[in-house]
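Enquirer: Give me a 3D structure for the following:
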Amino acid sequence: MIANSTPEGSAPRRRSARGEAARERILHAAVEAFAQDGYQGCSLARIASEVGLSQAGLLHHFPTKEDLLAAVLDERDRLDTRRFLADGAEGIDVLAALEKLVEYNTYLTGMVQSFTVLAGESTADLHPARDWFQNRYDNVREMIAAELRTGVERGEIRADTDCEGIAAELVATIDGLQLQWLLAPKKIDMPALFRQYTSRLRNAIST
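Expert: Below is the predicted model:
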């Protein structure tokens, strides 16, 4: 215990803090690089240069390009999940939670852009992110469908509602609006358009 109070004992913590700061800088640069050039088009050397590191220095934090890709995707998923679960929305309230998520994403242009680019690339059979995106879409659809089924059980949502189908429709609407917003941010009011859609959906499925 006493040793931890000495300069030698505290040094690892300082190095860890520096390492975390470097990792965050690398992730931020990777988000921008993947957004601009995609996974295939960008290089680790370019990302390292952006944050003032050698390529060897970057590889100390992310041993492979695939490791860096996974970290970028996990960060996007962490942000979305934190926002989605923040209000503990259940039943029909899942629509309000998704509305907040869509609005929140307007402040994460770089992350949304990189996600959209990588999602498109991942449709290629051998893309390293293909399994990640497949699993993510499966999980997101099931998460939304489960809340809609809760709404059915509570009597908030019509018993004949296709919860799985609507979950897929909601995800498709969000992704489609994101793409249009990225291409024409001044023309596409993504949160407003999504709220219009969910308003119509509420009227259609509410009891």
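Enquirer: where does the most centrally placed residue in the chain land in three-state SS?
Expert: Centroid-nearest residue in the chain, with CA atoms, centre = their mean: Arg76, separated by 2.9 Å. For Arg76, the assignment made with DSSP: H, G, I helix; E, B strand; the rest coil gives helix.
Enquirer: so who does it touch?
Expert: 111, 114-115 (CB atoms under 8 Å, 6 or more residues apart in numbering). Where C-beta positions appear, they are placed from N, C-alpha and C, glycine not excepted.
Enquirer: Which other helices and strands does whichever strand or helix holds Leu201 contact?
Expert: With secondary structure defined by DSSP states H and E, Leu201 is part of helix 190-205. Applying 3 or more CB pairs under 8 Å, 6 or more residues apart in numbering; DSSP states H and E, we find helix 190-205 packed against helix 94-105, helix 163-183.
Enquirer: Now do the same contact list for the nearest residue to Lys65 once chain neighbours are set aside.
Expert: Once flanking residues are discounted, Lys65 sits nearest to Leu44: 5.6 Å by CB to CB, 6 or more residues apart in numbering. By CB under 8 Å, 6+ apart, the contact list for Leu44 reads 55, 58-59, 65, 68.
Enquirer: Try it again at 6 Å.
Expert: Contacts for Leu44 (CB atoms under 6 Å, 6 or more residues apart in numbering) come out as 55, 58, 65.
Enquirer: For these, which entry has the maximal number of neighbours?
Expert: Leu58 (25 neighbours; other CB atoms under 10 Å).
Enquirer: Where do the helices of the chain begin and end?
Expert: Taking DSSP state H to define them, one finds helices in the chain at 7-41, 44-50, 55-61, 65-85, 94-105, 109-121, 130-154, 163-183, 190-205.
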